[in-house]
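Engineer: got a sequence here, can you model it:
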Amino acid sequence: MSKKKNISYLFSLALLLLAGCDADTATVPLPDEERAVEVRLKASVCTVEATVSRNVIEGTALNTGDQIGMFLMRDSNFSTPYLQNLPYLYAEDGQLNLQPEGTKVYYPARKDTLYLYGYYPYTTEAATDGHGKVSIPVTAALEANEATDYLYTGEIKGSKKAAATAAGIPVSLKHALARLCLSISTNRPEYTAESYPVLQSIGFTTREGQKGTMDLQTGDITSDSPDTGTSVISDYQDEATPPALIPGMSVLQKDYLLLPYKHGSTGALRRLAFSIKEPDGTVKDIVVFDEADANANTPPSIVLEAGKTTTLNIIYTQSMAAKASVKDWDKGTEHTFQ
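Structural biologist: From the prediction side, this is the model:
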C-alpha cells in the first residue's frame, strides 16, 4: 500500500445478479425459490486509495496476490454468522477473487441484507469465541518498513438492492495500529558539515507488550501482556555510514507501528534513549526519559492513536528536549484500477 491520510483502502463490493450458475462450485447452495444473488467483491473505479507513505508502510501494501479476510453475518449484532473468514485474493486488475478459484457465495434465501466485516492481511488463525466475537492476532513494534499494517473495515451493511447497482458497495479499510515517528536533529553551532556527530543507536520501551488481538467488529486491539513492555532498538554502529547530525541539514526519522495506547495519566512509552558518537570519537549515551530511573526525566503522557502519527522531536543540545505532537497520517498517492 502506499501513502496517506487515515489510511483508507477503498474497494467496491459488487454483488451482481446471476441468472444461474454451477452449484458444484458454490460455497452455499443456490436458493430454490428466488433469483440467486452472488456475493462478489470487485474493486471499483476508485479502487485502492493508498493512504500511508511508501517509506512508512512499504512492503505491506495490497499487491497482486495479497489476501483479505471477510466475515458475512446475518445480523448486526455479530451473533448469527452466515459464512466466516472467506479469503479473497487481490488481483492485478483490482478484482477481489474468492478462493479457491471458481468458488461462489450467494445471499441466503429470503434475506435482503448481509453484514460484512473485513480485515487485512488474511489469516487462518482468526478465532471466534462462544459469543461470536472474532479476534485477529496482531504483532507490532517493528520498524514500519518491516511491519504489517493491520486493517479492518468495521460493519458494512450490504443489501441486495445496493449490490445490483453499478457502483456496488464501497468497502473502506482503516488502520488498526498507531504510528510512532522518532525525529532527531541538532542545532549545536560547533558542529559543521565537516565535523559532526553520528547516531549510534536509538531505542524505546513501550508500556504494553506488542502482541495482541484485534476485535474484528471495532478494530480495537488488546495487548496479550499489558503489564510488560517491549523494548525496541535501531542500531547503526555496524553501518558503513551511520546517520549524521548536521545543523540545518539532517534530520533522522524512524517510524514504527505500535499497538494504540491511551490510558489516563500513564504514557505509551516507559523509556526513550539514544547514543551519539562525537567527532572526536567519544560516545555519549543519553536518556531522554525513563520512569524506572529516579535521576532521569519523567516520561510525558504520550498517546498512540489508531490511524494517527505521534511524533517525538528530539533535539540534541546541551539541554536535551523531547516534545510529542500528534497529526493525521498524510494522504498520499491514489491508484485507480479499472
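
Engineer: which residue lies nearest the spatial centre of this structure?
Structural biologist: residue 149 (3.0 Å; C-alpha atoms, centre = their mean).

Engineer: that one touches residue 257, doesn't it?
Structural biologist: Yes: counting by C-beta atoms under 8 Å, residue 149 touches residue 257, with 6.6 Å between them. Using the backbone N, CA and C atoms, a C-beta is placed for each residue, glycine as well.

Engineer: shared neighbours, those two?
Structural biologist: Listed as contacting both residue 149 and residue 257 by C-beta atoms under 8 Å, 6 or more residues apart in numbering are residue 177.

Engineer: sec struct for residue 145, please.
Structural biologist: Assigned with DSSP: H, G, I helix; E, B strand; the rest coil, residue 145 falls in the helix class.

Engineer: what about it, neighbour count?
Structural biologist: 16 (other C-beta atoms under 10 Å).

Engineer: report pLDDT for it.
Structural biologist: We have a pLDDT of 76 for residue 145.

Engineer: repeat for residue 42
Structural biologist: For residue 42, the model assigns a pLDDT of 41.

Engineer: run a quick neighbour tally on residue 248.
Structural biologist: Applying other C-beta under 10 Å, we find 10 residues neighbouring residue 248.

Engineer: phi and psi next, for the residue nearest to it when sequence neighbours are not counted.
Structural biologist: Nearest residue to residue 248 in three dimensions, chain neighbours excluded: residue 187, at 7.8 Å (C-beta to C-beta, 6 or more residues apart in numbering). When read as degrees, to the nearest 10, the backbone of residue 187 gives phi -130, psi 20.

Engineer: for residue 187, list the residues it contacts.
Structural biologist: Applying C-beta under 8 Å, 6+ apart, the residues contacting residue 187 are 247-248, 315, 317.

Engineer: give me that answer again for 10 Å
Structural biologist: When contacts are counted by C-beta atoms under 10 Å, 6 or more residues apart in numbering, residue 187 touches 245, 247-248, 315-317.

Engineer: ok, now residue 213?
Structural biologist: By C-beta under 10 Å, 6+ apart, residue 213 lies in contact with 125-127, 133-138, 220-224.

Engineer: what about the closest residue to residue 228 other than its chain neighbours, how many neighbours?
Structural biologist: Nearest residue to residue 228, sequence neighbours excluded (C-beta to C-beta, 6+ apart): residue 209, at 5.0 Å. Neighbour count of residue 209, defined by other C-beta under 10 Å: 17.

Engineer: now residue 209: how far from residue 306?
Structural biologist: Residue 209 sits 17 Å away from residue 306, going by C-beta to C-beta, to the nearest Å.

Engineer: please apply the same query to residue 190.
Structural biologist: For residue 190, the distance to residue 306 - C-beta to C-beta - is 42 Å.

Engineer: before we move on, what about residue 219?
Structural biologist: Counting by C-beta to C-beta, the gap from residue 219 to residue 306 is 7 Å.

Engineer: quick one, which of these two is more surrounded?
Structural biologist: Counted by other C-beta under 10 Å, residue 219 and residue 306 do not tie: residue 219 has more neighbours, with 23 against 20.

Engineer: pull the contacting residues for that one.
Structural biologist: 117, 119, 136, 150-154, 173-177, 260, 306-307.

Engineer: surely residue 132 and residue 82 touch.
Structural biologist: No: using C-beta atoms under 10 Å, residue 132 is not in contact with residue 82, being 11.7 Å away.

Engineer: lowest pLDDT pick from the contacts of residue 213?
Structural biologist: Sorting the contacts of residue 213 by pLDDT puts residue 133 at the bottom of the list (87).

Engineer: neighbours of that one, just the number please.
Structural biologist: With other C-beta under 10 Å as criterion, residue 133 counts 15.

Engineer: my guess is it contacts residue 117. True?
Structural biologist: No: with contact defined as C-beta under 10 Å, residue 133 does not count as touching residue 117 (11.3 Å).

Engineer: now the common contact residues for the two.
Structural biologist: 78, 216-217.

Engineer: now those as a markdown table including secondary structure, neighbour count and pLDDT?
Structural biologist: Listed next are the shared contacts of residue 133 and residue 117 as a markdown table, based on DSSP: H, G, I helix; E, B strand; the rest coil; neighbours: other C-beta atoms under 10 Å; pLDDT from 0 to 100:
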| residue | secondary structure | neighbour count | pLDDT |
| --- | --- | --- | --- |
| 78 | coil | 20 | 81 |
| 216 | coil | 25 | 95 |
| 217 | coil | 20 | 94 |
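
Engineer: now the residues you listed in CSV, with distance to residue 265?
Structural biologist: Shown next, in CSV, are these (distance: C-beta to C-beta, whole Å):
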residue, distance to residue 265
78, 33
216, 31
217, 29
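
Engineer: just the closest of those residues to residue 274, please.
Structural biologist: residue 216 (37.7 Å; C-beta to C-beta).
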